[in-house]
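>>> Sequence and predicted model, in that order:
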Amino acid sequence: MLNLLFSKRFSLVKTFSATFLVFAFIIRLTLYVWSIDNIDFSFFNLIKIFGLGLLFDLGSLSYVMAFYSIYLILVPKQFYGSLTDKILTYFSYAFILFIMLFSFMAELAFWEEYQRRFNFIAVDYLLYTYEVVQNIRQSFPLELIVGFLIIITFISIKIAKKNNAYTATFNNTDTFLIKIIPAAFWILILSGFHLTLENDEAEIFSNQYENEIAKSGLYSFFAAYNENELNYNDFYETSPSESSYQIVRSLLAADNESLSNNPKSIRRYVDNNGDEQRPNVIFIGLESLSAQFMTRFGNEKNLVPAIDSLAKKSIFFTNLHATGTRTIRGIEAIVLSIPPTPGQSIVKRENNNTLFTIGEIFKQKGYTRTFFYGGDGHFDNLNVFFGNNGFNIVDRKNKLRINEVFPVQRTQITDDEVTFENAWGVCDGDLYDKVLREADKQHKLKKPFFNFVMTSSNHKPYTYPDGIVDIPSGKNREGALKYTDWSFRKFFEEAKNKPWFKNTVFVIMADHAAYSAGRSDIVVKNYHIPAFIYNLKNKNSEEINKLSSQIDIFPTLFGYLNWSYESNIFGKDINKMQPKDERALIANQLKLGLLKGDKVLILDNHKKHTFFQWNKENDELIAQKTDSLFLKEAISYYQTAFDLFKNEGLKLKKEPHFTPHKLASKTK
């Protein structure tokens, strides 16, 4: 049988397949041993993991082997072993082998950070090669790794030569009929995988680590690419559209709000009593700052003393949850105040211009709006999103990128303003200094300003200026947290001396938590983040323990400021929530969750759902019989959010879409 599948002309197919499968096995074994503390060992499950893994590895391998097989059967005999044949064969074998080995090594680095096989994050990173390559260079000894991989590639080729694989491939008299059998084998495998097998069919275990280990990294990567944007109605459970809108409108309704007469709209007028305050507002998005890093939530390492101290001086939201696991999900939730829609964040989607954002509410009150980012806002489509939604931009342009053009003012963080930067941009200290300088300028305009500041130092490679904290730069997250806190404290020390400080409210919140992995697909505790409103006039500090979401923080601020305004957002004023209103919307790219009290319902992309009781003490989800009303509520949030975005129900009005290349530059 093997002779039929690997005739002489297919000798290199045999050696490459064996090499691929051996390395895939080694990677899977490594990940299994690495994760053993998070797996309830079962010999039966072990066999299933590696058996299923072999199946998916064959599927991944077939994408290369099927196309190479077509080449092998189409090349006429007289060209076997010709110079052209040898050059193509030697180069392709070495190049693909090197890429394969590099991807296996990259899987280990990706697993260290996310405890996942390649997913949509890896797809996103492929689009921003500069930041990713620099991050790899600053996180790992890239030159040594590449050198090591070249040596392994060379050794693998030598082994193939020693087994006469090249000689047999170039010197044989195999007929077309002999070659058609192995070619058909790989084409059939490719067809079977590509047309019938989905990546999440590897998820047959209750433990998420086992599910991920059973997958193939390469297959997962391309599956994630195909799932970059999902149509909610095609993949998730739905209710009649009218019913979902009716439910969500009732969920959003409040005594001080008047809903639009349009039954398929969440537009409403919010009427808050009292004298309106119009202070400056600075929002600070703290990169990956999990609640678990704070002493208030049990951390004993004193990593963020300045942020800890803020809890006693502000309105501190102790039971607030992020909507997702990435910065662009956090930005989406905060700026659009919307439940996460399946697939990619709206920040990176087409037709995401002129949307109703919290910036529009600030605009109603006469504010300027500016987005601050320490890196190049080209990354993750940030500049396009903010620029096409009315925010001016302050960022650190990458000199290797072309000059992008926006319908707003773009201000650069210049070389003389930078003391330290890494792959993601300038350090938080430099970013805060820029915010202070720009706020000074904004103050002189005698107009209130809203500044949205997104930090990045608490992100791998965890590098920052030397000599500031007691952990060397680049060593670990704890050092990055200490630097994040140091620069945060320094910012406020300097801000307090500014003439605009007394009339400025600060909203501080994490974009997402630092860790998303766990034994279940959605780990509830890993969505818990801190949030603060600081420096409100005539308002004492307090803790608010109502279960709430990132989407609620700005509607709550508007309530404190007694603003009446037109709204087209999902967020609610936390202070006006009744116990029945408390909820958090928690999701990843494919799974959409609703948390209420100790109950969680998760919608998946096979038009199925699971209802759980959440044990907060050990963060365990225990499957329960579904509460039908709970299910309808979860569906209504996500179905209407998707429908409103796709059908332009979130638009301000129909306006032309500005792309970065259509207008004259306003960069200064």
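That came through, no problem.

>>> Run the chain-centre distance for stretch 219-237.
Put simply, stretch 219-237 sits 15 Å off its chain's centre (C-alpha atoms, centre = their mean, to the nearest Å).

>>> Name the residues of it that are buried.
By 16 or more other C-beta atoms under 10 Å, the buried positions in stretch 219-237 come out as 219-224, 227, 229-230, 232, 235-237. Placement of C-beta: from N, CA and C, glycine included.

>>> So, low pLDDT: which residues of the stretch 201-350 of the chain?
For the stretch 201-350 of the chain, the stretches flagged by pLDDT under 70 are 226-229.

>>> Go again with 90.
Filtered on pLDDT under 90, the stretch 201-350 of the chain yields the residue ranges 201-204, 206-209, 217-231, 234-235, 253-256, 342-344, 350.

>>> all strands in it, in order from the N-terminus.
Using DSSP state E, counting those that start in this stretch, the strands of the stretch 201-350 of the chain run over 257-259, 268-270, 280-286, 314-321.

>>> So which residues of the stretch 401-550 of the chain form strands?
Under the criterion DSSP E, counting those that start in this stretch, the stretch 401-550 of the chain contains strands at 410-412, 421-422, 425-426, 449-454, 504-510, 528-534, 542-544, 548-549.

>>> Which one, of those, ends up nearest to L21?
Within the strands of the stretch 401-550 of the chain, the stretch nearest L21 is strand 421-422; the backing value is 37.5 Å (C-beta to C-beta).

>>> Which strands and helices lie in contact with that closest one?
helix 129-139 (3 or more C-beta pairs under 8 Å, 6 or more residues apart in numbering; DSSP states H and E).

>>> quick one on the thing from earlier: mean neighbour count and distance to N535 for the strands of the stretch 201-350 of the chain - can I get that in a markdown table?
Shown next, in a markdown table, are those (neighbours: other C-beta atoms under 10 Å; distance: least, C-beta to C-beta, whole Å):
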| stretch | mean neighbour count | distance to N535 |
| --- | --- | --- |
| strand 257-259 | 15 | 27 |
| strand 268-270 | 18 | 23 |
| strand 280-286 | 24 | 9 |
| strand 314-321 | 22 | 8 |
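
>>> Please list all residues in contact with E210.
Contact analysis of E210 by C-beta atoms under 8 Å, 6 or more residues apart in numbering lists 39, 45, 49.

>>> which of these lies closest to L21?
Of all these, I49 has the smallest distance to L21: 15.2 Å, by C-beta to C-beta.

>>> rewinding a little: save the strands of the stretch 401-550 of the chain as a markdown table, and put in distance to I27 too.
Formatted as a markdown table, the strands of the stretch 401-550 of the chain follow (distance: least, C-beta to C-beta, whole Å):
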| stretch | distance to I27 |
| --- | --- |
| strand 410-412 | 42 |
| strand 421-422 | 28 |
| strand 425-426 | 32 |
| strand 449-454 | 34 |
| strand 504-510 | 32 |
| strand 528-534 | 32 |
| strand 542-544 | 46 |
| strand 548-549 | 37 |
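
>>> rewinding a little: could you redo the strands of the stretch 201-350 of the chain as TSV and give each row distance to K8?
Formatted as TSV, the strands of the stretch 201-350 of the chain follow (distance: least, C-beta to C-beta, whole Å):
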stretch	distance to K8
strand 257-259	75
strand 268-270	74
strand 280-286	61
strand 314-321	61
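
>>> rewinding a little: quick check, nearest of the contacts of E210 to S337?
Nearest to S337 out of the contacts of E210 is I39 (C-beta to C-beta; 38.6 Å).

>>> per-residue pLDDT, the closest one?
Looking at I39, its pLDDT reads 89.

>>> Name the nearest residue to it, ignoring sequence neighbours.
Nearest non-adjacent residue to I39, counting by C-beta to C-beta, 6 or more residues apart in numbering: Y209, 5.4 Å away.

>>> For E360, which of the strands of the stretch 201-350 of the chain is the nearest?
Closest to E360 of the strands of the stretch 201-350 of the chain is strand 268-270 (C-beta to C-beta; 12.9 Å).

>>> What is the neighbour count of P76?
Other residues near P76 come to 7 when the count uses other C-beta atoms under 10 Å.

>>> and the end-to-end length of stretch 514-527?
Stretch 514-527 has an end-to-end distance of 9 Å (C-alpha to C-alpha, to the nearest Å).

>>> most remote residue from the chain's center?
Distance to the chain centre peaks in the chain at T173, reaching 52.7 Å (criterion: C-alpha atoms, centre = their mean).

>>> before we move on, what SS does it have?
Recorded secondary structure, T173: coil (DSSP: H, G, I helix; E, B strand; the rest coil).

>>> And the pLDDT for it?
On the pLDDT scale, T173 gets 81.

>>> what about the residue nearest to R116 when sequence neighbours are not counted, neighbour count?
Residue nearest to R116 in three dimensions, not counting chain neighbours: E212, with 5.5 Å by C-beta to C-beta, 6+ apart. E212 has 24 neighbouring residues, counting by other C-beta under 10 Å.

>>> So E212 versus N302, what's the distance?
Taking C-beta to C-beta, to the nearest Å as the measure, E212 falls 34 Å from N302.

>>> picking up where we left off before, got a winner among the contacts of E210 for most neighbours?
Ranked by the number of neighbours (other C-beta under 10 Å), these place I49 first, at 27 neighbours.
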